[in-house]
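Student: sequence and predicted structure below; questions after.
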Amino acid sequence: MTTKAHLAITPASNGAAAGSAPGPYRVLVATLLLAAGAANGVNFMAASPLLPVFMADFGIESAQAGLLFSVVPLFTTACSIPASLLSARIGLRMTYGLGLVLMAGGLLVLVFPSFWGVLGGRALLGMGGGVLPLGTAITVQWFRNRTLPLINSAAFVCLSLGFTAGLGATVPLVQGAGWQMPLTLYASFAAVVATLWMLLARDGPYGGPERTAIAEVTPRRNVYMQRRTWLLAIGFAGPIACYDTFTAWLPTYYSTVGGMDLNQASTLVGVLGLAGVPGALLGGWLTSRTGVRRPFIILPGVLLPPTALASFLVTDPALLVGVLALFGLLAWGFNPAYVTIPMELPGISAVDVGAVLSVVFTLTGFCVFVVPLVVGALVDVTGSFVPGFMLCVALSGVLLAVGLLLPETGPGAVPQSGSRSNAAT
């Protein structure tokens with residue numbers, strides 16, 4: 001793909017770029033995108049149940065162990081916007097493929113089975129994760145209208161399944177073959193997806209090669225500074241930082257404070273990811289069925305804070321299953337509607353969609369980097385998880401505030417004079 005051949009369209013248009021129908025090949029492209037999300041999820045979450053193992057094997061404190069989790073969003077944060085800009089130079093397809101190659105960084109532990117080897121592999125995974133927002137722009141190349149929430153829903157389902165596998169399968173693999181085994185296995189999965197992408201991926205008919213000036217295929221600078229962009233970023237970063245921090249530390253919390261063995265604790269926390277599957281499916285189906293977005297952001301915004309609070313205050317394992325299931329359902333359920341909104345904003349091109357979501361995931365990655373470290377540091381200083389967990393509960397409440405401020409972009413919205421053009425700019 002040349003630098004002058006890239007996504008100079010608006011997501012809602014059906015113009016010349018859409019002259020040829022997507023055809024069945026879009027199923028293959030969608031499958032590869034979904035597999036990439038699953039690969040990222042399982043590799044990212046693999047560190048969570050291993051934190052106590054790393055602390056024992058490497059002789060490190062909680063804050064250092066937290067770095068092995070947080071280094072991924074740190075590098076994702078650093079690379080998301082550069083990846084968006086790079087895609088305008090070498091194309092979405094190639095940029096995305098390079099990111100998938102980097103996601104296989106966990107293979108580094110085969111050469112360096114040490115703290116620094118794990119840290120380096122996780123850093124490469126984070127760099128690769130910087131391309132994931134571009135998957136939304138690729139989706140816009142192949143899908144339109146009511147299919148967008150469904151594809152977004154499927155993407156979050158696969159990411160959720162990856163999280164669940166990372167939490168549930170890691171400890172049994174460690175017990176059978178040591179901590180290097182799951183990291184190597186998950187990184188190999190990413191390598192296979194990267195290979196298939198490089199061989200099979202194509203540009204879609206809604207945004208494939210077109211001869212246009214480079215200025216038309218580069219994200220506009222004001223996109224990065226618009227109020228609506230930062231509203232979307234703040235509203236997503238808060239609850240996701242809460243969710244990811246809990247998935248990072250709850251296995252350790254349940255095993256050290258609650259007296260569970262590590263396998264039981266990790267399996268219990270795996271309910272978060274498992275519940276995310278019906279959560280993302282239901283959220284995507286309702287968003288597509290009703291044609292509206294905001295209600296499926298506001299309701300989770302109301303319920304997430306008390307549910308997050310209960311996840312570390314409830315001590316009965318049977319009750320915890322229900323609490324964590326609701327937590328996962330809510331935390332994943334709002335994502336399809338949320339990610340669909342920037343795809344439907346008026347006057348936004350497909351490249352701009354990737355730019356907006358790069359800002360969203362950059363701020364989210366920064367928060368997911370910082371908050372687990374803060375929790376670990378507070379544990380070292382205070383001897384308790386409660387102060388850090390209360391910070392996470394407060395962050396989850398941001399979703400409600402932003403949900404009330406975002407515009408309704410769906411086709412089922414009741415038209416209001418001037419609201420679509422002015423509310424979010």
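Tutor: Cool, got the structure. The structure presented is a predicted model; accordingly, all values stated were derived computationally and were not measured. Numbers count the residues shown, from 1 in each chain.
Student: run through the residues that contact the residue nearest to Phe75 when sequence neighbours are not counted.
Tutor: In this structure, Phe75 finds its nearest non-sequential neighbour in Gly126, 2.9 Å apart by CB to CB, 6 or more residues apart in numbering. C-beta coordinates here come from the backbone N, C-alpha and C atoms, glycine included. By CB atoms under 8 Å, 6 or more residues apart in numbering, the residues touching Gly126 are 71-79, 365.
Student: swap in Leu100?
Tutor: 36, 39, 128, 131, 190, 193-194, 197.
Student: and Val131, what does it touch?
Tutor: Applying CB under 8 Å, 6+ apart, the residues contacting Val131 are 79, 83, 95-96, 98-100.
Student: span of stretch 40-49 from start to end?
Tutor: Stretch 40-49 has an end-to-end distance of 16 Å (CA to CA, to the nearest Å).
Student: so what's the gap between that stretch and the chain middle?
Tutor: Put simply, stretch 40-49 sits 12 Å off its chain's centre (CA atoms, centre = their mean, to the nearest Å).
Student: go on, stretch 45-54?
Tutor: 19 Å.
Student: what about that stretch, average pLDDT?
Tutor: Mean pLDDT, stretch 45-54: 83.
Student: that older thread, from the contacts of Val131, list just the buried residues.
Tutor: 79, 83, 95-96, 98-100 (16 or more other CB atoms under 10 Å).
Student: pull out the buried residues from stretch 386-405.
Tutor: Here stretch 386-405 shows 388-389, 391-393, 395-400, 402-403 as buried, counting by 16+ other CB under 10 Å.
Student: and the furthest pair within those?
Tutor: Gly388 and Gly403 (24.9 Å; CB to CB).
Student: tell me where the stretch 301-425 of the chain has helices.
Tutor: Using DSSP state H, counting those that start in this stretch, the helices found in the stretch 301-425 of the chain span residues 317-333, 335-344, 350-382, 386-396, 398-405, 419-422.
Student: and the fifth one, C-alpha only, in PDB?
Tutor: So that's helix 398-405. Provided in PDB are the C-alpha atoms of helix 398-405 (Å, rounded to 0.1, in the frame of the first residue of the first chain):
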ATOM      1  CA  VAL A 398     -16.200   8.600  35.600                       C
ATOM      2  CA  LEU A 399     -18.200   6.500  33.100                       C
ATOM      3  CA  LEU A 400     -21.500   7.900  34.300                       C
ATOM      4  CA  ALA A 401     -20.400  11.500  34.100                       C
ATOM      5  CA  VAL A 402     -19.000  11.200  30.600                       C
ATOM      6  CA  GLY A 403     -22.000   9.100  29.400                       C
ATOM      7  CA  LEU A 404     -24.300  12.000  30.400                       C
ATOM      8  CA  LEU A 405     -22.200  14.400  28.300                       C
END
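Student: grab the nearest non-local neighbour of Gly117.
Tutor: Using CB to CB, 6+ apart, the closest residue to Gly117 is Val109 (4.9 Å).
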